[in-house]
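**Q** Turn this into a structure:
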Amino acid sequence: MRKEILFGAAYYPEYLPCDRIKKDLVMMKEAGMNVVRIAESTWSTLEPEEGRYNFSYVDRVLEEAQKLRMYVIIGTPTYAIPSWLVKKDPSVMVETKEGRTWYGHRQKMDLVNPTFRACAEAMIRKLFCHTAEHKAVIGFQLDNETKHYGSYSSFVQQMFLEYLKEKFKTTKTLNQTFGLAYWSNSIENWEDFPDMRGCINGGLAGEFEAFKRSLAADYLKWQADILAEYKREDQFVTHNFDFEWKKFGADIAQDGYSYGVQPDINHYEASKAVTLAGTDIYHPTQDALTGAEIAFGGDCIRSLKADNYLVLECQAQAFKYWTPYPGQLRLHAYSHLASGASGLLYWNWHSIHNGYETYWKGLLSHDMEPNPVYEEAKQFGQEWKKKGAERLCLSKQNEIALVIDNRSLTALQWFPIDKKISYNDVVRYLYDSLYELNLECDVVDIHALEPSRYKMILTPALYSISEADIKRLEQFVLEGGVLFSTFKSFAANEQLSVYPDRLPHLLNSVFGMYYQQYTQPDKVSLLGEPVTGLAELLCVGDAQVLGSYQHKYWKAYAGITKNRAGKGMGYYLGCLAGKEVLKKVLKEAALDAGITLSGITWPVIVRSGINQAGDKLQYWLNYSSQPKEFSCPCKKGEELLTENVYARGEKIRLEEWGVAVLKEMEE
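**A** Residues are numbered from 1 along each chain as shown. A predicted model of the protein is given here:
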């Protein structure tokens, strides 16, 4: 682990209207920055025609960085292909349900196309060979926000057919597994397998989506295997995993933010290609800033390796509705550290003067001069330089796991909870409620879950799950754990075939209830709060009813239950109730799990961990335009940013959008 926090920006001197490399790096250095990420975006600059390479701007950045004792992360430029490659072979462009895409936008290639792979390999080998031995290069980023791009190409479909043959062996097994007799979709011979673009079977479509996610993960592994031939032992390998993009307002790509589980690549599967997990996190700001997106993204990415991670992209100014209020940029930055980040890079250093992202502004505006955002970054950049990673970077051991699953996400696209409620809405419904209660959690893929590490496990809409995983969760409860599950959990197997017994499958005794019906909850409430989207009508056996539906016809059914099973407890929420109802029940479940509740709630967020020096730290974050105070919770504590020392009960002031980092001191 480095003793310094990595702090910097993506840097594109090839985009600039004049030569500023030396000036820019000096400005970065003055702001406490120590790293730049380069090369990941401009294949056409690095290889203007096939076989002719130009690494001059890369060399310039490496030269100036070494002079200033700064670091460089080299990104492979494979996510934005040059036009000569399309002219060489038009089939490199991805073919989706809508047909073959046109050249121009990034991330529009077929990842398994042989021509693309051959040319990409030649490019990245040249780049690795040229840069790996340079002393300033500390790591490599594989590709950029990789996904499967919705490919239905002949290459992908043939590979999928071979995969099905290997997995299911016979067409009879395939037909039975997915119920393909429905609407005459069964096949007798493998050569009759149809084009997946017309698929009407949710289970088979889910298998295809899982297969394509694996292709994206394999693509990153392919690049990592090539890099292994060149990299030094001290250089890391990373990738900037991103999230589903939540749109609001006008339906344009810029009008949104990082929201939930990424549908088009499985982060856990793909993270095996990297040594250091990385991420891109963008979020609302100004009065809409809550910190929830920073926390959710961080908890997801930290959980991939159970270790610190690197924020490879976050916002500085970006759009007019993201221009931060004074103090917010510093709050963003410390919030990333509080989630377990060991470094932060902006996208990007400078605003771009021409191109698709002209008005996605960087740390510097188009005049390329210091501005209030740069000066604020300079403030905490110098703080980080002075304090170092040893004092500020956290390792975390959370007692709660929130379980996520890509197959369930796909399933609920095919079989929606409601027109306005997605799988990720349910994930964030639970996560945000935990966050606002200051109940920290890991966000863990179902296939990476180790139940024995936790006191409490939550399963938001875990629709698709194997019987083996259900039994692991049952054992977790019987041995003393608390399982908190929501509607649409434990309904179908991994091929999305609904289990043919009372739901939730195999867990009736754990939850002490079952359901056979569900309904659209018109004019239904629960504990005084309206219910929206879906209400499962829970039939109670041994369970304690925490809330029944308030409705003339549905009042006989429970909406929330808890049940003692073995040494543990099963909670089940059968509907999308108001968030205050959910929070009330979450607090009860946490207490049953033996988890301490601080009583502090959002807008003051507290996140804890152990730093590299072995000190217990608490990050106190004020997501409010009003100053707040809190009492020192330990016998004696040092606030690391001011170096003031406090005794238990003494008041510590948090300015508006303010931060405090409290170290518990030994007597």
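**Q** Show me the strands paired with the least confident helix or strand in the chain by mean pLDDT, marking each as parallel or antiparallel.
**A** In the chain, the helix or strand scored least confidently by mean pLDDT, DSSP states H and E is strand 244-247, which has a mean of 90. Strand pairing for strand 244-247, using DSSP bridges, gives strand 256-260 (antiparallel).
**Q** Would you mark the buried spots in the partner strand?
**A** Neighbour-count burial for strand 256-260, counted by 16 or more other CB atoms under 10 Å, picks out 256-260. Placement of C-beta: from N, CA and C, glycine included.
**Q** Stretch 373-393 now?
**A** 373-374, 376-381, 383-385, 387-393.
**Q** Please apply the same query to stretch 338-353.
**A** Here stretch 338-353 shows 338-352 as buried, counting by 16+ other CB under 10 Å.
**Q** Tell me which residues of stretch 41-48 come out buried.
**A** Buried, per 16+ other CB under 10 Å, within stretch 41-48: 41-47.
**Q** got it, and stretch 631-645?
**A** Neighbour count says stretch 631-645 has 632-633, 637-641 buried, by 16+ other CB under 10 Å.
**Q** possible to save the residues you listed as JSON lines with secondary structure, distance to Pro90 and pLDDT?
**A** Formatted as JSON lines, the buried residues of stretch 631-645 follow (DSSP: H, G, I helix; E, B strand; the rest coil; distance: CB to CB, whole Å; pLDDT from 0 to 100):
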{"residue": "Cys632", "secondary structure": "coil", "distance to Pro90": "66", "pLDDT": "95"}
{"residue": "Pro633", "secondary structure": "coil", "distance to Pro90": "63", "pLDDT": "95"}
{"residue": "Gly637", "secondary structure": "strand", "distance to Pro90": "64", "pLDDT": "97"}
{"residue": "Glu638", "secondary structure": "strand", "distance to Pro90": "63", "pLDDT": "97"}
{"residue": "Glu639", "secondary structure": "strand", "distance to Pro90": "61", "pLDDT": "97"}
{"residue": "Leu640", "secondary structure": "coil", "distance to Pro90": "57", "pLDDT": "97"}
{"residue": "Leu641", "secondary structure": "coil", "distance to Pro90": "56", "pLDDT": "97"}
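**Q** Looking at those residues, which one is closest to His447?
**A** Pro633 (36.9 Å; CB to CB).
**Q** Return the residues in contact with that closest one.
**A** Going by CB atoms under 8 Å, 6 or more residues apart in numbering, Pro633 touches 598, 618, 648, 662.
**Q** ok, now with 7 Å
**A** Pro633 makes no contacts at all, as judged by CB atoms under 7 Å, 6 or more residues apart in numbering.
**Q** Kindly report the same for Ala411.
**A** Contact analysis of Ala411 by CB under 7 Å, 6+ apart lists 202, 206, 463-464, 492, 496.
**Q** okay, those residues in CSV with pLDDT, neighbour count and secondary structure next?
**A** Shown next, in CSV, are the contacts of Ala411 (pLDDT from 0 to 100; neighbours: other CB atoms under 10 Å; DSSP: H, G, I helix; E, B strand; the rest coil):
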residue, pLDDT, neighbour count, secondary structure
Gly202, 97, 20, helix
Gly206, 98, 25, helix
Tyr463, 98, 25, coil
Ser464, 98, 28, strand
Ala492, 98, 22, strand
Leu496, 97, 25, coil
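**Q** will you turn the residues you listed into a markdown table that also has distance to Glu666?
**A** Listed next are these as a markdown table, based on distance: CB to CB, whole Å:
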| residue | distance to Glu666 |
| --- | --- |
| Gly202 | 58 |
| Gly206 | 54 |
| Tyr463 | 49 |
| Ser464 | 49 |
| Ala492 | 53 |
| Leu496 | 55 |
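**Q** which one among those residues gets closest to Leu127?
**A** Gly206 (36.7 Å).
**Q** Look up the closest residue to the closest one, ignoring the ones flanking it.
**A** The shortest distance from Gly206 to any non-neighbouring residue, by CB to CB, 6 or more residues apart in numbering, is to Thr410 (4.5 Å).
**Q** Please confirm that the one you found is located within a strand.
**A** No - under DSSP: H, G, I helix; E, B strand; the rest coil, Thr410 falls outside any strand and is assigned helix.
**Q** I'd like the list of the buried residues of stretch 373-393 that fall within strands, please.
**A** Among the buried residues of stretch 373-393, none falls in strands (DSSP state E).
**Q** can you give me how far stretch 114-124 is from the chain middle?
**A** When distances are taken as CA atoms, centre = their mean, to the nearest Å, stretch 114-124 is centred 28 Å away from the chain's centroid.
**Q** Can you mark which positions in that stretch are buried?
**A** Buried residues in stretch 114-124 (16+ other CB under 10 Å): 115-117, 119-120, 123-124.
**Q** do stretch 465-477 as well
**A** In stretch 465-477, counting by 16+ other CB under 10 Å, buried: 465, 469-470, 472-474, 476-477.
**Q** about what we covered before: can you give the contact residues for the least confident helix or strand of the chain?
**A** Outside strand 244-247, the residues that reach it (CB under 7 Å, 6+ apart) are 255-263, 424.
**Q** and which of those is nearest Tyr572?
**A** Asn424 (20.7 Å).
**Q** show me the contacts for the closest one.
**A** By CB under 7 Å, 6+ apart, the neighbours of Asn424 are 244, 259-261.
**Q** Looks to me like it is in a strand.
**A** No - counting by three-state DSSP, Asn424 is not part of a strand but helix.
**Q** before we move on, back to that, nearest to Pro82, of the contacts of Ala411?
**A** Gly206 (35.0 Å).
**Q** How about the contacts made by the closest one?
**A** Contacts of Gly206 (CB under 7 Å, 6+ apart): 407, 410-411, 496.
**Q** Make TSV from the residues you listed and add distance to His130 to it.
**A** What follows is the contacts of Gly206, written out as TSV (distance: CB to CB, whole Å):
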residue	distance to His130
Arg407	41
Thr410	40
Ala411	45
Leu496	47
